[in-house]
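# Whatever this is, show me its structure:
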Amino acid sequence: MKLQRRPANLAGFLICAALLAYAYFSQFHNHLEPCPLCIFQRVGVIAVGLFFLLAWAQHPKVWGARIYGALILLAAASGSVVSLRHIYVQHLPPEMAPPCGPGIGYLFEKLPFSTFLVKAFTGSADCSVVTWTFLGLTMPEWVLVWFVILGFGGLWNNWRRSAQ
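You can find the predicted model right below:
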């Protein structure tokens, strides 16, 4: 049985929805407060999920599907960059960790948008703290794994010729 493009795009969207659901469960039930880099990783998962959802809903022909595949890969690559930065910050020695600063809400309200992005992406000491692991990987490491799987899976699914 061949894997059809449309159900695979729906599966990609559902995986993204499950990842976000777990992130919010961890935040509100397990009281794991997200740092700025965590928030940007969520934005990346939302973008990947939206492209999967649009590809499923529109079910375009060959060129449209290829465009969606490229958009999925681009969104996943962008999220991967944030995940890699977060992983880097988490693996710094404690004395080299960036200093704690004000919260992301305060920064967003008080700083120009370009300055806000720079501050948010540099991370803070909150970003360097490892509060969750599963099978030896931290949450940003797992998010990176999922970005790679979803990015290349979405590209493959929407670029292959035999799937309709």
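# buried ones in the helix or strand of the chain with the lowest mean pLDDT?
Across the helices and strands of the chain, mean pLDDT, DSSP states H and E gives its lowest value to helix 125-128, namely a mean of 65. The neighbour-count check on helix 125-128 (16 or more other C-beta atoms under 10 Å) flags 126-128 as buried. Backbone N, C-alpha and C define where each C-beta goes, glycine included.
# repeat for stretch 77-90
Buried residues in stretch 77-90 (16+ other C-beta under 10 Å): 78-80, 82-83, 85-87, 89-90.
# C-alpha coordinates for it, PDB please?
What follows is stretch 77-90 as a C-alpha-only set of coordinates in PDB (Å, rounded to 0.1, in the frame of the first residue of the first chain):
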ATOM      1  CA  ALA A  77      15.100  24.600   9.300                       C
ATOM      2  CA  SER A  78      14.300  28.000  11.000                       C
ATOM      3  CA  GLY A  79      13.000  26.200  14.100                       C
ATOM      4  CA  SER A  80      16.100  24.000  14.100                       C
ATOM      5  CA  VAL A  81      18.300  27.000  14.200                       C
ATOM      6  CA  VAL A  82      16.500  28.100  17.400                       C
ATOM      7  CA  SER A  83      16.800  24.600  18.800                       C
ATOM      8  CA  LEU A  84      20.500  24.500  18.100                       C
ATOM      9  CA  ARG A  85      21.000  27.900  19.800                       C
ATOM     10  CA  HIS A  86      19.100  26.600  22.800                       C
ATOM     11  CA  ILE A  87      21.100  23.400  23.000                       C
ATOM     12  CA  TYR A  88      24.300  25.500  22.800                       C
ATOM     13  CA  VAL A  89      23.200  27.700  25.600                       C
ATOM     14  CA  GLN A  90      22.200  24.700  27.700                       C
END
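# From the buried residues of stretch 77-90, pick the one nearest Q4.
Nearest to Q4 among the buried residues of stretch 77-90 is G79, at 25.8 Å by C-beta to C-beta.
# Not counting its neighbours along the chain, what's nearest the closest one?
The shortest distance from G79 to any non-neighbouring residue, by C-beta to C-beta, 6 or more residues apart in numbering, is to G44 (2.4 Å).
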